[in-house]
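>>> Got a predicted structure plus its sequence, pasted below:
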Amino acid sequence: MTRRVLLMFAVLALIALGLTFYALHLKRKVARDEQLAAEQQRALAPLTNGPPTPVTLYIASDSDGTLRRTQVKVTLPPERTERARAVLRALFGEYLQSSSSHPIGAGADVRDVYLLGDDTAVVDTNAAFGDAHPSGVLAEELTVASIVVTLNANDSKIQRVKILINGQERETLAGHADLRRFYEASNIGQVVKDLQ
Amino acid sequence: MPLSGRRSRLAWAITAGLALLFAALLTRQAGVHAQSPAQNQLTVYSPQTSYSVPLLDVNGQPYAGLVELFEPLGSVDARIDGKKYKLHFTPPGGRPLEVQFTGGKDKGKVRGNGYKLPANFVLQNGRGYVPLSVTSEMISRLLGGETELHPAARRLFIGNVQARYTLELHKDNPPRLLLGFSSPVNPTIATEPGRVRLTFRREPIVSSGPENVPYSDPLISGVNFSEHDGLAELDVTGTAPLMANFADGGRTIIITGAPAPPPVAQEAPPPPAPANPQNPSPQPRQPAAPRFLVLIDPAHGGNDIGAAITPSLPEKDVVLTLARRVQHELANRGIAAGLLRNSDVAITLDQRATWTNAARPALYIALHAANTGQGVHVFTAMLPAASLSPQGFLPWDTAQAAFLDLSGSVAGSVAAELESRKLPNATLLAPLRPMNNIAAPAIAVEIAPPAGNVDEIASAAYQEQVAQSIAAGVAAVRAKLPEVRP
């Protein structure tokens, strides 16, 4: 009888020890996740190797509500959709830097770009892009406009752009900009002129 | 009793005790991990600002984060060294003051003097928490001056910020109850049959006498004051539907009986009832006289707070105040205006468009606010112009295309008025919902801080200027906008 009780005591002690280690493991995991989230705020690295190619980015600025045309060098893959994705990741990389003039949600990324026919691009962004984007009519419009004109500037065949969040259509980006529609590069072009 | 039996019982007792101890420890550990989201909030009212501090529930006791508590009152620098927590708080224009505690201990130091907490200091996720009951005394020790904590209501008053209200019942016909405040207030208003509830989230309203004031009036039965969950409520009850109106720049709220039928678009107009061919109306309706109605849409509401202008100032509240100012300014110019929402209620984007189109306004104005950028942006819908007749059937997704010219005229006129008041502004196209679905001239106005100072976005002076610009801009183009037959 006594031996049985001692055995149970030992088992309980072992369980407690195991749970202590598990709690420590969880604590370290939380710290690792936080570090990972902080790292995601840094500029996103290009996907492939090869010689860097100049690409045109339209960078938004919240302080004066403008879009500025700029060129950066990015290593571009040969495939068209992958190239569009690399261009957009370079654009997001600019916005994710701590000194960005137009910060977007930490951890925002482009999951994929799909082409419908020759002229329509569907940009699938991750959940962080939609969930953590600053809310505001102008702030959201600047993001949408910069995505559309940046794609069009680097692939002139892309005339229409649709933005998805985590593979799903969403009503608005962060409460304002309409994400149910296809954006025409020609329409956005007029907006960009107003914003320059 | 044999010795082995006694030993066995003793061993069982020890085992059971250890098991209970393990269970308690595990529960405590799990509890700390599971409680990270704020369960409730403390509202702090100071002479400079009002803000909310999320409370952490530790073993059934509410705790407040020191950084969250002090940050809005000055600059804060918190550091953790092992289990030791140090916070340096510098009030505006003052010198740094130190608070020191150790995680799991109840003794610490505030400004170099020993300080004993009623329960242990909690360190969690790199943040330091103290029991709610000491927040008042700690602020008083660091800032000096009087503080008052209403622990059950989760409200903390710094300095003599408490604002009291007056009640004045006018028994004329119809009876009116005047609620007077020393400074403008902006409560959310909820109405239900025979009751109006005013909820004050940011105003330090406290009871000015008995909390329950009964009236022997045929319309208004009484007023009840209550405070809970970091807010104050004034509940006015009556024997018939009641409504609340603002007067005197928000310093007075007038409670009266709601007229029957309700006035045109004082609140969101209901969607039109579908025609029922089996029960035709016996009396054909007389065509109503054309009228000029502006419908103002304060964006967001309810759980949809819009942008967080500051941690304690959501866009939904800023635009509701602005909407009331615009309505008032339009009324001053003889233009009837209604609000799509006049309280903190959630309305979907499709509902906003449906109700607006059902009300057939001469103009729709959506109001937004943001904490980025500067000045005022006036938007019209981003749609290609289409040769649609406003009188015919309009496609839902592009209904606004038929009105783009008129919308542009209004936007230009409002921008000119903003310019004349030297307010930074820009006129832009925007892919903003639900503007595309509006079958009437439509603009959206987004206000940003006037000169980079976020707090000024809610200032009465700034909002008055914006409201006057909008109203003057609308009045200037009124002749171009067609009156509409309801």
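Yep, that arrived. Numbering: from 1, shown residues only, chains lettered A, B, ... in the order given.

>>> C-alpha from now on. contacts and neighbour counts both.
Noted.

>>> So, low pLDDT: which residues of the chain?
With no chain named, the answer covers chain A. Applying pLDDT under 70 to chain A flags the ranges A:1, A:34-49, A:190, A:192-196.

>>> think we crossed wires, I meant chain B
Within chain B, the ranges that satisfy pLDDT under 70 run B:1-39, B:259-290, B:385-392, B:452, B:484-486.

>>> in the stretch 151-300 of chain B, what residue is nearest chain A?
Proximity of the stretch 151-300 of chain B to chain A (Cα to the nearest Cα) peaks at B:H300, 8.1 Å away.

>>> how far away is that residue from B:S312?
16 Å (Cα to Cα, to the nearest Å).

>>> go on, B:T348?
Where B:S312 is concerned, B:T348 sits at a distance of 23 Å (Cα to Cα).

>>> May I have the beta-bridge partners of B:A244?
Counting by DSSP bridges, B:A244 is bridged to B:I255.

>>> and it, what is it in contact with?
Contact partners of B:A244, counting by Cα atoms under 8 Å, 6 or more residues apart in numbering or on different chains, are B:I189, B:V196, B:I253, B:I254, B:I255, B:T256.

>>> could I get these as a markdown table with neighbour count?
Formatted as a markdown table, the contacts of B:A244 follow (neighbours: other Cα atoms under 10 Å in any protein chain shown):
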| residue | neighbour count |
| --- | --- |
| B:I189 | 21 |
| B:V196 | 22 |
| B:I253 | 24 |
| B:I254 | 17 |
| B:I255 | 21 |
| B:T256 | 21 |
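
>>> still on that earlier bit, what's the residue of the stretch 151-300 of chain B closest to chain A in contact with, if anything?
Contacts here follow Cα under 8 Å, 6+ apart; on that basis B:H300 touches B:G306, B:E315, B:K316, B:A346, B:I347.

>>> what's the burial count for the second one?
Okay, so that is B:E315. 29 (other Cα atoms under 10 Å in any protein chain shown).

>>> For it, give its distance to B:E446.
B:E315 sits 10 Å away from B:E446, taking Cα to Cα as the criterion.

>>> Now list whatever residues contact both of those two.
B:H368, B:A369, B:A370.

>>> beta partners for the first one?
On DSSP bridges, the residues paired with B:H368 through beta bridges are B:E446.

>>> That one contacts B:L320, doesn't it?
No: using Cα atoms under 8 Å, B:H368 is not in contact with B:L320, being 9.3 Å away.

>>> shared neighbours, these two?
Joint contacts of B:H368 and B:L320 (Cα under 8 Å, 6+ apart) are B:P298, B:A299.

>>> does A:T53 really touch A:P77, like I thought?
No: here A:T53 lies out of contact with A:P77, judged by Cα under 8 Å, at a distance of 10.0 Å.

>>> returning to that earlier point: for the shared contacts of B:E315 and B:E446, which one is nearest chain A?
Ranked by distance to chain A (Cα to the nearest Cα), those are led by B:A370 at 5.3 Å.

>>> Tell me which residues touch A:D64, please.
B:G373, B:Q374.

>>> ok so it is a strand residue?
No: using DSSP: H, G, I helix; E, B strand; the rest coil, the assignment for A:D64 is coil, not a strand.

>>> which non-adjacent residue is nearest B:V445?
Spatial nearest neighbour of B:V445, chain neighbours left out: B:V378 (4.6 Å); criterion: Cα to Cα, 6 or more residues apart in numbering or on different chains.

>>> SS state for that neighbour?
Using three-state DSSP, the structure places B:V378 in strand.

>>> contacting residues for it?
By Cα under 8 Å, 6+ apart, the contact list for B:V378 reads B:A411, B:V414, B:A415, B:N425, B:A426, B:T427, B:L428, B:I443, B:A444, B:V445, B:E446.

>>> from memory the fifth one sits against B:T380, does it?
Okay, so that is B:A426. No: with contact defined as Cα under 8 Å, B:A426 and B:T380 do not form a contacting pair (11.3 Å).

>>> okay, those two: which has more neighbours?
Just comparing B:A426 and B:T380: by other Cα under 10 Å the higher neighbour count belongs to B:T380, 28 against 19.

>>> Around chain B, pick out the residues from chain A.
Taking Cα under 8 Å from any Cα of the partner chain as the measure of proximity, chain A contacts chain B at A:1-2, A:5-6, A:8-9, A:12, A:16, A:62-65, A:134-139, A:141, A:172, A:174-178, A:187, A:191, A:194.

>>> Please enumerate the strands of chain A.
Counting by DSSP state E, chain A has strands at residues A:52-61, A:66-75, A:110-116, A:120-125, A:160-165, A:183-184.

>>> what's the spacing between the closest residue to A:N166 other than its chain neighbours and A:G167?
Excluding its sequence neighbours, the residue lying closest to A:N166 (Cα to Cα, 6+ apart) is A:N126, at 4.6 Å. Between A:N126 and A:G167 the computed distance is 8 Å (Cα to Cα).

>>> Comparing these two, which residue is more hemmed in?
A:N126 (19 against 15).

>>> That one: what's it in contact with?
Contact analysis of A:N126 by Cα under 8 Å, 6+ apart lists A:A108, A:D109, A:V110, A:R111, A:I165, A:N166, A:G167.

>>> Chain A: helices as residue ranges?
Here chain A has its helices, by DSSP state H, at A:2-40, A:80-96, A:127-131, A:137-154, A:185-195.

>>> Include distance to A:V72 when you put those helices into JSON lines, please.
Shown next, in JSON lines, are the helices of chain A (distance: least, Cα to Cα, whole Å):
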{"stretch": "helix A:2-40", "distance to A:V72": "20"}
{"stretch": "helix A:80-96", "distance to A:V72": "8"}
{"stretch": "helix A:127-131", "distance to A:V72": "22"}
{"stretch": "helix A:137-154", "distance to A:V72": "12"}
{"stretch": "helix A:185-195", "distance to A:V72": "19"}
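
>>> Cool, thanks, signing off.
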